[in-house]
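S.K.: what would the 3D arrangement of this be:
(2 chains)
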Amino acid sequence: MLTFIVWWATIVLELAILLRALKTGALREFPFFCIYLGCVLLSSASGYVVFRMRPLQYQYWYWTWEFVCVIAGYNVVLGVVERGLVSHDGARKAFRNVALWFFGAIVGYVAIHSMLLRHSNALISSVEVERDLRTAEALLLAAVMGVVAYYGIAIGRSLKGIVVGYGLCVATIVITHSMRSFLGAWFQDYFSAIRSWSYLLSLLIWTYALWSYQPSPAPKRLGDSGPDYDALAMTTKEAVETVREQLGKAARQ
Amino acid sequence: MIQLILFVGVGAGLLVLIYLFVRSPEPRAEGGAEALLEARQALNSLQSGLLPAGLVERVFAQDDLHFVSSKAGAGVQRLFLCERKRIALSWVAQVRRQVLSLKQFHSGQSRLYARLDVRTEVTLALSFASLLVLCRVLQATFYVRGPYAAPRMVGIAITAAGRVCTVFEHSLAFLTRTRAAVLRHDSPGPHVAA
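M.R.: Predicted structure coming up:
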């Protein structure tokens, strides 16, 4: 019974967030996130119907939608980069390229891994494939947070809420999937319960963050100002090298 | 089992990062003038109050050690060495703080450039990281061996103090020029003032 209450609660919250996003303008600012949430809403609602009408087919239905949501999830990470680093062109372009290469490499790895595991239990394989894909997402999200922290980039409450809620969701999935894969079928009930509750928590975070849209503060842009960046980087590099050289000598004494 | 530890580690690491991300203070507003002023004040206090060569030389001078060793008992010698070690550690902490300040200053400026080069930034980030580790090594050396254990280290440390201030001053001078150019470029004409 509790499972169904949580299930319905997630559907209601997803609908509420999407409607608020439509009203506040967050839909225009974060289309990547709204597409993801729309996918999850379709998955949850249709999954409920399938679970009630054709329970035997639910497993295939669930995993099919899960992979659609994983791909939409990558779009969330790329969208966070686009919006979070919107005024930091260099970092944004570079990070986007790295993310795409990373995504390609992970998809390639997962495809090969899946082919090698095609004779084993289908459910275990799906769990492992999603775990691998979500791990790549987790690493990309960590890198995004690292870039934001390193450069001291200010981001608004709405985007921060998306990152935190999605990060919580991905971290829980990576942990529960790896435990499900290692411990086997008896962990399935705990696996489902932990995922449902953590996703509900993520939805509550998103509801709070997106109830009223708060844009990220726009920094002053220096643009393509000729050789200035090179000179700045060179000056800092020289400073660092000099200090390191001196301290290195001192440490070796 | 190793696979389980690795994946759970990634998930737990992400949770820790999220916690730090939520707890992180609001970044400073991107007003270059304010950052420059703070950096200039830090440099002035280091150059005039904390790191002049004469002061550092005096802190590490062996004359005081010889004097205390020849005139005072073991208890006073121990107290003297303990005090000097604290001062030496404090000095390295100042250098470390200065490196951190330089790092924050660079990242605060470079993020605004559209032509930001990833390779350069990654190299610099690694350089800063290794430099900060090196400061820690120096702190550990002072902590374990004391300020008088390696006389040559003292001389190099004094030179380092001077060089740190010099290069930092060059960085500030360059960035001041850049900022001034940008402000001139952005400056509205008198007709906008009303």
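S.K.: so where's chain B shaky on pLDDT?
M.R.: B:26-57, B:59-60, B:109, B:112-117, B:149-194 (pLDDT under 70).
S.K.: got the residues of the stretch 51-200 of chain A near chain B?
M.R.: Contacts of the stretch 51-200 of chain A with chain B, taken as CB under 8 Å from any CB of the partner chain, map to A:87-91, A:94, A:98, A:131, A:135, A:138-139, A:141-142, A:145-146, A:148-154, A:160, A:163-164, A:167-168, A:170-175, A:177-179, A:181-182. Placement of C-beta: from N, CA and C, glycine included.
S.K.: ok, of those residues, which come out buried?
M.R.: A:87-91, A:94, A:131, A:135, A:138-139, A:141-142, A:145, A:148, A:150-154, A:160, A:163-164, A:167-168, A:170-175, A:177-179, A:181 (16 or more other CB atoms under 10 Å in any protein chain shown).
S.K.: select from those every entry located in helices.
M.R.: Under the assignment DSSP state H, those contribute A:89-91, A:94, A:131, A:135, A:138-139, A:141-142, A:145, A:148, A:150-151, A:160, A:163-164, A:167-168, A:170-175, A:177-179, A:181 to helices.
S.K.: spit out the contact partners of residue A:183.
M.R.: If you count contacts by CB atoms under 8 Å, 6 or more residues apart in numbering or on different chains, residue A:183 has none.
S.K.: let me fix that, I meant to ask about residue A:150.
M.R.: B:107, B:125.
S.K.: for it, give me the pLDDT.
M.R.: Residue A:150 carries a pLDDT value of 80.
S.K.: now the helices for chain B?
M.R.: Along chain B, counting by DSSP H, helices occupy B:2-23, B:32-45, B:53-60, B:62-71, B:74-110, B:118-145, B:151-186.
S.K.: helices of the stretch 151-253 of chain A, start to end?
M.R.: For the stretch 151-253 of chain A, helices defined by DSSP state H, counting those that start in this stretch occupy the ranges A:157-183, A:188-210, A:228-252.
S.K.: by mean pLDDT, show me the worst of the ones you listed.
M.R.: Across the helices of the stretch 151-253 of chain A, helix A:228-252 gives the lowest mean pLDDT, at a mean of 63.
S.K.: spit out the contact partners of residue 132.
M.R.: Picked chain A for this. By CB under 8 Å, 6+ apart, the contact set of residue A:132 is A:106, A:109, A:110, A:113.
S.K.: looking at chain B here, not the other one
M.R.: B:96, B:99, B:100.
S.K.: can you say which of those are buried?
M.R.: Among the contacts of residue B:132, those classed as buried by 16+ other CB under 10 Å are B:96, B:99.
S.K.: my read: residue A:51 touches residue A:58, true?
M.R.: Yes. Using CB atoms under 8 Å, residue A:51 is in contact with residue A:58, at 4.8 Å.
S.K.: go ahead and confirm residue B:148 touches residue B:81.
M.R.: Yes. With contacts counted by CB under 8 Å, residue B:148 reaches residue B:81, the gap being 7.4 Å.
S.K.: find residues that contact each of the two.
M.R.: residue B:65.
S.K.: give me the residues contacting stretch A:12-20.
M.R.: A:26-27, A:34, A:37-38, A:40-41, A:44, A:200, A:203-204, A:206-207, A:210-211.
S.K.: tally of neighbours for residue A:74?
M.R.: 21 (other CB atoms under 10 Å in any protein chain shown).
S.K.: ok, it to residue A:141 distance?
M.R.: 10 Å (CB to CB, to the nearest Å).
S.K.: one more: residue B:97?
M.R.: The value you get for residue B:97 to residue A:141, if CB to CB is used, is 31 Å.
S.K.: try residue A:15
M.R.: 25 Å.
S.K.: if we can go back for a sec, of the contacts of residue B:132, which is the nearest to residue B:142?
M.R.: residue B:96 (12.1 Å; CB to CB).
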